[in-house]
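> Sequence unavailable; structure follows:
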């Protein structure tokens, strides 16, 4: 028994010793034979902890690829391509499911050298991370996705490209923890859905930090977007989300352009932009946003209809600490000084009273849309884009308001805003004082409008001219401007583009940079009556391509150009019962026919009336005197101007003690100071006397030459 146990123990010990020796032998054999080959294999490719093949580019390993594209071309679906730090001058096409990872974001650089897209992705389930990607060509991108799904760009610096990242018809992709700078657009999403942009810093884009076009159901969150022309811009893009973002120092922080509806903006901070949030589409939702220290914090602009202004904006949104009030379909409310108002909009409201409030630094001081029978009084607005903006509004009153420093218009009536009254308002230092666009039958009275200045457009002389105190534009008809003082604007009053039957009466219009009143482009049957128009730097009243207008009972004096300039196809202008004095030209006509000047006193100008280029006015029953060069001068020898029955400053008529009259003017008969009618001897007109004198002179010369020839023969 003892012997058996001993034998078994001895055999076990011998067996264990042999096993230990064999194990050590196998280990040594592996170390000697397999390890060198494994080292070589790991230099070109390896297996990560999840079993994925890892292919190396760059570095010092034996067999590593030197080209990223070569590594991709030799990769299989699901492989990882690991790129060591360095600069790779390549244009990469990814056409299979891979992960492309750099060793260090700031030190692993792919430089497109200004040629093509730097990285183009045509496959889905691709990951790109830890790279700096620079220098795409024009109209190309740092990273371009086309028809790509479920892919990720993470922790990349994408800078100095035409486009930073561009998605075209691509969905369910992510851009996370990226830095994008100095691109034309930071991120450009085109016809793509369900993508996310998260935790990114996007700055210094020439156009947009992020732009969506025809893209829906995307999200932008926790991003910092700064120093771009526009921070975030949507065009024709629906149902997207912007949450917890900071936009600052952009042209526009967030801009939802046309047909961009049902988007949600929540918990965003927009500061130090030109525009904070600008909406130009309907049914967007804003919650808990903070707008601070923007030039124009909040702005809403529709395109085609009242419905464009329907937005879901509550008082949780603040402008410089003050709530936004956005009222839809409300009646019988009052907004006053007891409310701390950051912005006020009334859409489809009636019988609203707004008084004693002060609103500044917005797209609109007050926005009224489809609102009726409401009153705005004793309010102050400054440094807004528009002070008061009415769209399709009727029967409202704006009274005793002070509006200044509006970059567009102090008061803007747009798109069929009718039967509104603006009275006793002081409008100063705005681009336009009162601007009517497609708006008729409104009254502007007892207002003081001055210093409207903003370079915008080219005048008929080719000069650049400033904006207008009152601007009636685009079929703004039958409005009345009365008892207003309009001074020191670019132009006092402009009536242009088929704006008809307006009446300007009892106004003092003076000291404007160009014209006192400017009528242009098909504006007809307007009346200017009983106004003082003086000290304007060009013409008192200027008409261009507009007919059948009348000027009556006005004092038009001390303008540097013409008192009235009837220019180019401004036919059938009636000027009557006016005093026109101390201008360079009293009245000028250029290529205009059938106008009438009657019962006017035209005196103490350099030239009383001046006609050129086929102008045929009738100038009758006027007092034309003490004009220093000519009472009338006609520069067109092809037409005779009818200037009969005028008083010329002397009972003896013109060209003596009376005013001078040029050729091609029929002034005979004329009137004496007492109103008697006098004629030239033999009723010859001045033009006919000139013809007779010319014929006699030629005859005398011929006779003298004939006598000289005869004497030489003898």
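Yep, it's here. All values reported here derive from a predicted model rather than from experimental measurement.
> neighbouring contacts of stretch 170-178?
Applying Cβ atoms under 8 Å, 6 or more residues apart in numbering, the set of residues contacting stretch 170-178 from outside is 145-158, 165, 167, 187, 192-201. (C-beta placed from N, C-alpha, C; glycine too.)
> Report the buried members of those residues.
Among the contacts of stretch 170-178, the ones that count as buried by 16 or more other Cβ atoms under 10 Å are 145, 148, 151, 153-158, 165, 167, 187, 192-193, 195-201.
> where exactly do the helices run in the stretch 601-714 of the chain?
With DSSP state H, counting those that start in this stretch, the ranges of helices along the stretch 601-714 of the chain come out as 686-713.
> Quick one: residues contacting residue 65.
Contacts for residue 65 (Cβ under 8 Å, 6+ apart) come out as 44, 55-58, 71, 74.
> Could you list which residues are in contact with the residue nearest to residue 307 when sequence neighbours are not counted?
Spatially, and ignoring its direct neighbours in sequence, residue 307 is nearest to residue 282 (5.6 Å; Cβ to Cβ, 6 or more residues apart in numbering). The contact partners of residue 282, by Cβ under 8 Å, 6+ apart, come to 261, 302, 307-311.
> and residue 72, what element?
If you go by DSSP states H and E, residue 72 is part of helix 68-73.
> which other helices and strands contact that helix?
Applying 3 or more Cβ pairs under 8 Å, 6 or more residues apart in numbering; DSSP states H and E, we find helix 68-73 packed against strand 53-57, strand 80-83, strand 92-94.
> what sits up against stretch 565-577?
Under the criterion Cβ under 8 Å, 6+ apart, residues 460, 519, 539, 541-553, 564, 585, 587-600, 615, 617 lie in contact with stretch 565-577.
> again, only this time at 6 Å
By Cβ atoms under 6 Å, 6 or more residues apart in numbering, the residues outside stretch 565-577 that reach it are 539, 542-553, 588-599.
> On the three-state scheme, the residue nearest to residue 307 is what?
Under DSSP: H, G, I helix; E, B strand; the rest coil, the three-state class of residue 282 is coil.
> center of this protein, which residue is that?
Nearest to the mean C-alpha position of the chain, by Cα atoms, centre = their mean, lies residue 408 at 10.0 Å.
> so where is the stretch 451-600 of the chain shaky, pLDDT-wise?
Residue ranges of the stretch 451-600 of the chain with pLDDT under 70: 454-466.
> can you pull out the helices in it?
Assigned by DSSP H, counting those that start in this stretch, the stretch 451-600 of the chain shows no helices.
> for residue 310, what are its contacts?
Contacts of residue 310 (Cβ under 6 Å, 6+ apart): residue 282.
> The one 3 residues further on now?
Neighbour list for residue 313: 286, 324, 326 [criterion: Cβ under 6 Å, 6+ apart].
> So what's the predicted local confidence for the closest residue to residue 71 other than its chain neighbours?
Closest residue to residue 71 apart from its sequence neighbours, by Cβ to Cβ, 6+ apart: residue 65 at 4.1 Å. As predicted, residue 65 sits at a pLDDT of 97.
> Next: residue 109.
Turning to residue 109, the model gives it a pLDDT of 98.
> Enumerate every residue touching it.
Residues counted as contacts of residue 109 (Cβ under 6 Å, 6+ apart) are 87, 132.
> Quick check: it vs residue 133, distance?
Between residue 109 and residue 133 the computed distance is 8 Å (Cβ to Cβ, to the nearest Å).
> circling back: selecting buried members of the contacts of stretch 565-577 in PyMOL, what would you type?
To isolate the buried ones among the contacts of stretch 565-577 in PyMOL, judged by 16+ other Cβ under 10 Å, type:
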select buried, resi 539+542+543+544+545+546+547+548+549+550+551+552+588+589+590+592+593+595+596+597+598
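> Which of the contacts of stretch 565-577 fall within strands?
Within those, residues falling in strands by DSSP state E are 542-544, 550-552, 588-590, 593-598.
> closest to residue 474 among these?
residue 544 (16.1 Å; Cβ to Cβ).
> beta partners of that closest one?
As for beta bridges, residue 544 partners with residue 520, residue 567 under DSSP bridges.
> Residue 567 versus that one, what's the distance?
5 Å.
> Over to residue 183?
49 Å.
> Those two: which is more packed in?
More crowded of residue 183 and residue 567, by other Cβ atoms under 10 Å: residue 183, with 30 against 23.
> surely the more buried one meets residue 205?
Yes. Checked against Cβ atoms under 6 Å, the pair residue 183 and residue 205 is within contact range at 5.3 Å.
> shared neighbours of those two, which are they?
Shared contacts of residue 183 and residue 205 (Cβ under 6 Å, 6+ apart): none.
> Neighbours of residue 656, how many?
Residues near residue 656, counting by other Cβ under 10 Å: 12.
> How about the contacts made by it?
Counting by Cβ under 6 Å, 6+ apart, residue 656 makes contact with nothing.
> Tell me how far it lies from residue 650.
In terms of Cβ to Cβ, residue 656 sits 6 Å off from residue 650.
> just checking, residue 510 touches residue 535?
Yes. Contact criterion Cβ under 6 Å: residue 510 and residue 535 qualify, at 4.7 Å.
> Name the nearest residue to residue 83, ignoring sequence neighbours.
Going by Cβ to Cβ, 6+ apart, residue 83 has residue 57 as its nearest residue, at 4.5 Å.
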